[in-house]
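# One predicted model, sequence on top.
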Amino acid sequence: MGGGSATIAVQRRPKDRKAQIVRAAARAFSDRGYHAVGVDEIAAEVGISGPALYRHFANKYALLVATAEYTVEGLVTAARVADDPGRPAAERLRAITDALIETTIGRRGEGAFYRWERRYLQPPERKHIRASYDALNAAIAEPLAVLRPGLPEADTAALAAAALSVIGSVSAHRTRMPAAALRSLLAQLCWSVLTAELPPAPAHRVPRRIERGLSSISKRERLLAEAIPMFGQRGFYEVSMEEIGTAAGLTGSSAYRYFPSKAALLAAAFHRAGDRVLLVITEALAESSSPRQAAIRIAERYTALAFAAPDLINIYFAEFANLHESDRVELRERQRQNVNEWAHLVCQVGSAEAEAVFRVHAALALVVDIGRLVNFDGAGEQRSRIHTLMEAVLFGGGQV
């Protein structure tokens, strides 16, 4: 070969390629939902082809499962690494929550789908992911039980779940704050809920009653009334317009006379939720004589709304990515206005403007997450317990 040698550069596959794919999927799923995201676009973000991605994951469902595992197991690992059972309970709690806050802020764009992932998981995978979340809850509940030995077990579990809800709330919105200030605020809010004195839990769980009442003569209203529980319980993609129309007493394609598409029907459900939240705020303002009183009454009315119509609240948080872009822009602005109205009241009580927005989002998260934990139990005691937690994050300045 003439004494020379040619060196052929071999392009090696990165060792963390699988992790890169999972993180890209987490960002895409969080931003646009499960069905709207294609495998090829996830692959393109990582810089590989679709077939190359399939060398790591058999299909998109396998990628969803891996993404759900990555999200919760990263938190479980962070909590376990931070914990030292030999330290005082208060120090353990601070170390664990600080680690969870740091991890969540670092992955803020990747965690928003934790509220809806179970909708698409099959029972075995759902059970597996649920066990991981139970382990995460236990990581906080165990030192909390040591710190507050007289606390009932149900209260310990509820307060641990509330702390996780507060931390996770930052994944549901885009408000910005310097990282150090955000870490400090979330630590304070976690301590506020972990040290809260909850009212007694109801002695018996009250089954959530579904009272249909009388039907409207408006076919449009009947379609919306049928669509909301279907979307809320099964998800947007699992329900057809024909199925909704049949449930509303319409035949064939006549549902399209009132809504041009299923997405338009979903948008109407979002507008209905937004209308009710706005009414909550308007009525609370009208009957209050101080900013603090108004903020508390919004919390009470919003909780009552969520417990009376959990399907509507599920849609509000889980189906946003399935709206048309124009509807998303309009509704995001409307949501921002509702949050800002509430945050303005909190601000007047003593919080900085950006901090107040984070507090309101944490309060909203508590209603959804703790509501689901108790299956939106209709007992008034459950709502009182959530009100206590909401007040803790809206006004508390818990010193860790």
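Sure, I can see it.
# and the residue sitting nearest the centre point of the chain, backbone torsions?
For the chain, the residue nearest the mean C-alpha position is residue 115 (4.2 Å; C-alpha atoms, centre = their mean). Reported as degrees, to the nearest 10, the phi and psi values for residue 115 are phi -80, psi -20.
# where in the stretch 301-400 of the chain is pLDDT low?
Applying pLDDT under 70 to the stretch 301-400 of the chain flags residues 397-400.
# Return the residues in contact with the residue nearest to the centre of the chain.
172, 317, 318, 368, 369 (C-beta atoms under 8 Å, 6 or more residues apart in numbering). All C-beta spots, glycine's among them, are computed from the backbone N, C-alpha and C.
# tell me which element the closest residue to residue 70 other than its chain neighbours is part of?
The spatial neighbour of residue 70 that comes closest, neighbours along the chain excluded (C-beta to C-beta, 6 or more residues apart in numbering), is residue 22 at 4.8 Å. Assigned by DSSP states H and E, residue 22 falls within helix 17-32.
# roughly how far is stretch 345-356 from the heart of the chain?
Offset of stretch 345-356 from its chain centre (C-alpha atoms, centre = their mean, to the nearest Å): 23 Å.
# one step back: just flag the most distant two among the contacts of residue 115.
318 and 369 (12.7 Å; C-beta to C-beta).
# so where's this protein uncertain?
Ranges of the chain meeting pLDDT under 70: 1-14, 205-214, 397-400.
# what about 50?
Applying pLDDT under 50 to the chain picks out residues 1-11, 398, 400.
# Show me this structure divided up by domain.
Using automatic domain parsing, the domain parsing of the chain gives 17-150, 219-395.
# Show me the one of those domains that comes nearest residue 178.
Taking C-beta to C-beta, domain 219-395 is the member of those nearest to residue 178, at 9.3 Å.
# element containing the nearest residue to residue 247 once chain neighbours are set aside, please.
Excluding the flanking residues, the one nearest residue 247 by C-beta to C-beta, 6+ apart is residue 226, at 4.1 Å. If you go by DSSP H and E, residue 226 is part of helix 219-234.
# do the same with residue 201
Judged by DSSP H and E, residue 201 forms part of no helix or strand.
# give me the number of residues near the closest residue to residue 141 other than its chain neighbours?
Closest residue in space to residue 141, ignoring its immediate chain neighbours: residue 160 at 4.1 Å, by C-beta to C-beta, 6+ apart. By other C-beta atoms under 10 Å, the residues close to residue 160 number 24.
# Which helix or which strand is home to residue 160?
Secondary structure from DSSP H and E places residue 160 in helix 153-168.
# what's in contact with that helix?
Here helix 153-168 makes contact (C-beta under 8 Å, 6+ apart) with 97, 100-101, 104, 111, 114, 136-138, 140-141, 144-145, 148, 151, 186, 189-190, 193-194, 196, 198, 201, 362, 365-366, 368-370, 373, 385, 389, 393.
# what's the next secondary structure element after the host helix or strand of residue 361?
Taking DSSP H and E as the definition, residue 361 sits inside helix 353-373. Next along the chain after helix 353-373, taking DSSP H and E as the criterion, comes helix 380-395.
# now that next one and helix 153-168, what's the angle there?
Here helix 380-395 runs at an angle of 40 degrees relative to helix 153-168 (axes from the mean of the first three to the mean of the last three C-alpha atoms, to 10 degrees).
# now the angle from the helix holding residue 361 to helix 380-395?
Here helix 353-373 points in a direction 160 degrees away from that of helix 380-395 (the same axes, to 10 degrees).
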